[in-house]
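Undergrad: after the sequence you'll find the predicted model.
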Amino acid sequence: MARDRERGAKPADTAPIGYGRPPEAHRFKPGGVGNPWGRKGKPKPTIDFFDEIVTVPVGGKPRRMTRDETIDLALYRELMGGNVSASKEMGRRRKERQANRTATSEDDALSPEDQAAFDRMIERRARGLRSLAGEAEDRCEAAATDEGARLGGDDEEGAT
C-alpha cells in the first residue's frame, strides 16, 4: 500500500473521476449553472406605449381599453366640463386619426381579382342561406298544414 501511495494511487474514500465525473474542485457549486449569463431570450414585441391595454374604471365598473382610448375618455370628460383646451386637443387628435385612417385604407384596398373572388364567395353564401331559408319555410308550411288538418279534422268529427 505504501508503494501505491508513492505511485499516485488514490485513496478509496475519494469519488471516481472520469467521463461525466469531473474532480470535485471543478464541479458546479450548489445552485450554480454552467452558463451563468445564459442564452439570450426572445426579444419582447415592441408595443407602442399608447397601444398597451390598461384597466380603467368607467361608470364604476372596470373596463379594459388602450391608453390612447383612456386619453380620449379623459379629454371627453374635460370637454363636457367646459374645458376649451380639451376641445382643441380632441379636434387635433380626431384630424390625426382621420389622416391615418385614409393612409391605411388605401393599403387595405382589394385587388380586382381578390374583389371578384370575395364577391363570388358572398354570392355562394347568400345562395346557401336562401336555400336554407326556403327549406325552413317549407317545413313551417308543412307543419302548419298538418296542424290545420289535424285541428280541422277534430272539428268536423265533433260537429257530426
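TA: Great, that's in hand. Numbers count the residues shown, from 1 in each chain.

Undergrad: how about residue 18, phi and psi?
TA: The phi/psi pair for residue 18 (degrees, to the nearest 10) reads phi 170, psi -160.

Undergrad: how many residues are close by it?
TA: Each residue near residue 18 was counted by other C-beta atoms under 10 Å, and the total is 7. Backbone N, C-alpha and C define where each C-beta goes, glycine included.

Undergrad: same check on residue 42?
TA: Using other C-beta under 10 Å, residue 42 is surrounded by 5 other residues.

Undergrad: need the three-state assignment for it.
TA: In terms of secondary structure, residue 42 is coil; the call rests on DSSP: H, G, I helix; E, B strand; the rest coil.

Undergrad: ok, for the residue nearest to the spatial centre of the chain, nearest residue in space, not its chain neighbours?
TA: The structure's the chain has its C-alpha centroid closest to residue 53; by C-alpha atoms, centre = their mean the separation is 12.1 Å. For residue 53, ignoring the flanking residues on the chain, the nearest one in space by C-beta to C-beta, 6 or more residues apart in numbering is residue 64 at 5.5 Å.

Undergrad: can you pull the pLDDT of residue 77?
TA: Reading off the confidence values, residue 77 has pLDDT 89.

Undergrad: number of nearby residues for it?
TA: Counted with other C-beta under 10 Å, the burial measure for residue 77 works out to 11 neighbours.

Undergrad: any idea where the strands of the chain begin and end?
TA: Ranges of strands in the chain, per DSSP state E, are 53-58, 61-66.

Undergrad: turn those into CSV, including distance to residue 99.
TA: Formatted as CSV, these follow (distance: least, C-beta to C-beta, whole Å):
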stretch, distance to residue 99
strand 53-58, 24
strand 61-66, 19
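
Undergrad: save the ones you listed as JSON lines, and put in mean pLDDT and distance to residue 34 too.
TA: JSON lines is the format used below for those (pLDDT from 0 to 100; distance: least, C-beta to C-beta, whole Å):
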{"stretch": "strand 53-58", "mean pLDDT": "92", "distance to residue 34": "39"}
{"stretch": "strand 61-66", "mean pLDDT": "93", "distance to residue 34": "43"}
